[in-house]
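In: The amino acid sequence is not available; the structure is as follows:
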């Protein structure tokens with residue numbers, strides 16, 4: 001068999017043995033790959049969409065964590081305020 005890229009015999013286009021495997025015009029290579037393997041572009045699109053969904057989910061999770069942290073901080077402040085008020089009331093009771 002003859003390689004279409006380097007015109008040598010013994011391997012095909014894209015094989016490791018081909019000296020032009022990684023060389024050449026990359027835009028033409030992309031077009032060639034889409035022409036020979038239409039599923040490749042669909043797989044790439046699906047992967048990009050999956051990454052975008054994963055990133056959006058991560059952002060939602062981080063927003064939820066931040067909201068819970070704010071809520072927890074508010075509750076801690078309320079608890080500390082109540083504790084201080086009780087201590088002041090107890091100290092005022094002892095003094096009087």
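Out: Nice, thanks for sending it over. These numbers were taken from a predicted model, which means no experiment stands behind them. Residues are numbered from 1 along each chain as shown.

In: and the helix or strand encompassing residue 86, what does it pack onto?
Out: Using DSSP states H and E, residue 86 maps to helix 38-95. Counting contacts by 3 or more C-beta pairs under 8 Å, 6 or more residues apart in numbering; DSSP states H and E, helix 38-95 is packed against helix 26-36. C-beta: built from backbone N, CA, C; applies to glycine.

In: what sits up against the helix it packs on?
Out: 40, 41 (C-beta atoms under 8 Å, 6 or more residues apart in numbering).

In: residues of it that come out buried?
Out: residue 32 (16 or more other C-beta atoms under 10 Å).

In: what is the mean pLDDT for the helix holding residue 86?
Out: Averaged across helix 38-95, the pLDDT comes to 93.

In: Now do it: distance to the chain's middle.
Out: 20 Å (C-alpha atoms, centre = their mean, to the nearest Å).

In: And stretch 10-26, by the same measure?
Out: That offset, for stretch 10-26, works out to 32 Å (C-alpha atoms, centre = their mean).

In: mind listing what's buried in that stretch?
Out: Buried, per 16+ other C-beta under 10 Å, within stretch 10-26: 11, 18.

In: Contact partners for residue 12?
Out: 1, 3, 4, 18.

In: What confidence value was assigned to the second one?
Out: Residue 3 is assigned 86 on the pLDDT scale.

In: neighbours of it, just the number please.
Out: 19 (other C-beta atoms under 10 Å).

In: before we move on, what about residue 6?
Out: 16.

In: Now do the SS call for the residue lying closest to it once chain neighbours are set aside.
Out: Nearest in space to residue 6, with sequence neighbours left out and distances taken as C-beta to C-beta, 6 or more residues apart in numbering, is residue 20 at 4.7 Å. What DSSP: H, G, I helix; E, B strand; the rest coil gives for residue 20 is coil.
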